[in-house]
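J.: pasting the sequence and the predicted coordinates here, then a few questions.
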Amino acid sequence: MKINEYRKKRNFSATPEPQGAASAEKKGKAPLIYTMQKHRASHLHYDLRLEWRGVLLSWAVPKGPSLDPTVKRLAMQTEDHPIEYADFEGVIPPGQYGAGTVMLWDRGTWEPESPDVDASLQAGEIKFTLHGKKLQGSWVLVHTRGFGSNPDRSAWLFIKHRDQYASTKDVTQDEPCSVASQRLLAEIARDGGGDVEKASLGDPPDQGRRATTTKPARGRIGRRRETL
């Protein structure tokens with residue numbers, strides 16, 4: 001199965017993350033899922049996920065996306081994730097792989113701009129259009145061979161194309177909350193019994209007190225979001 005590596009890294013009796021069903025490709029022309037999760041683990045990063053052939057192709061973007069076409073963001077390709085992960089928001093417990101707080105930062109659909117996605121991935125350059133709540137328009141992932149005699153084959157660059165959605169504004173600071181629950185990372189951690197102080201380091205400093213001045217939301221501990 002395509003998600004074997006994902007499953008090997010996780011203990012599903014301890015983590016609320018979805019185990020995932022057997023991968024199944026969509027039939028016909030059903031829209032492909034796009035999601036980006038904000039993840040405060042040992043370090044803050046953003047996980048870009050694109051549905052393809054029954055799984056979510058995944059890249060970790062340490063500095064998050066940029067709407068500025070002149071900015072190239074490093075994107076490290078990680079293991080494929082199950083489709084069900086597109087709805088996950090909550091707290092991964094200490095001691096588990098990726099322990100920390102996960103926010104559903106953006107979601108929507110995507111369209112490849114090249115007819116043969118597999119060939120584009122193999123060639124190391126895939127152009128696509130995002131239809132998200134926060135990220136829209138044309139983007140590209142470009143494989144980089146790295147440096148030295150032992151390049152990292154998982155390293156890509158995530159770049160915004162010049163179009164009507166390009167901007168110099170910092171979308172990660174201007175849009176810090178979940179598209180699913182409208183919560184900050186610290187609030188998700190508070191509601192899920194996680195490390196609020198650690199999670200708050202991923203929120204804008206001027207909003208850091210929200211988790212301690214608002215009441216916890218009921219029924220959200222370890223909750224998986226409804227389908228898109």
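T.: Everything's here; your move. Numbers count the residues shown, from 1 in each chain.
J.: when you work out contacts or count neighbours from here on, use the C-alpha atoms and nothing else.
T.: Will do.
J.: assumed residue 187 was part of a helix.
T.: Yes: under DSSP: H, G, I helix; E, B strand; the rest coil, residue 187 falls within a helix.
J.: same question for the longest strand along the chain, mean pLDDT?
T.: As assigned by DSSP state E, the longest strand anywhere in the chain is strand 100-112. Mean per-residue pLDDT for strand 100-112: 98.
J.: please apply the same query to stretch 187-196.
T.: Mean predicted lDDT for stretch 187-196 stands at 97.
J.: what does stretch 136-143 give?
T.: Stretch 136-143 comes out at a mean pLDDT of 97.
J.: convert it to PDB, retaining C-alpha atoms only.
T.: What follows is stretch 136-143 as a C-alpha-only set of coordinates in PDB (Å, rounded to 0.1, in the frame of the first residue of the first chain):
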ATOM      1  CA  GLN A 136      -5.200  30.500  -5.000                       C
ATOM      2  CA  GLY A 137      -3.900  30.700  -8.600                       C
ATOM      3  CA  SER A 138      -0.900  29.100 -10.200                       C
ATOM      4  CA  TRP A 139       2.000  27.500  -8.400                       C
ATOM      5  CA  VAL A 140       4.900  25.300  -9.100                       C
ATOM      6  CA  LEU A 141       7.000  22.700  -7.200                       C
ATOM      7  CA  VAL A 142      10.500  22.300  -8.600                       C
ATOM      8  CA  HIS A 143      12.800  19.600  -7.500                       C
END
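J.: contacts for it, please.
T.: Under the contact criterion C-alpha atoms under 8 Å, 6 or more residues apart in numbering, stretch 136-143 has outside partners 124-131, 153-165.
J.: from those, list the buried ones, please.
T.: Neighbour-count burial (16 or more other C-alpha atoms under 10 Å) is assigned, among those, to 125-131, 155-161.
J.: and these, which is closest to residue 203?
T.: residue 158 (22.2 Å; C-alpha to C-alpha).
J.: so that closest one touches residue 73, yeah?
T.: Yes: under the criterion of C-alpha atoms under 8 Å, residue 158 makes contact with residue 73 at 5.0 Å.
J.: tell me, what's touching the two both at once?
T.: Joint contacts of residue 158 and residue 73 (C-alpha under 8 Å, 6+ apart) are 61, 65.
J.: quick revisit: so what strands line up beside the longest strand of the chain?
T.: Strand 100-112 pairs in its sheet with strand 32-40 (antiparallel), strand 90-92 (antiparallel), strand 125-132 (antiparallel), by DSSP bridges.
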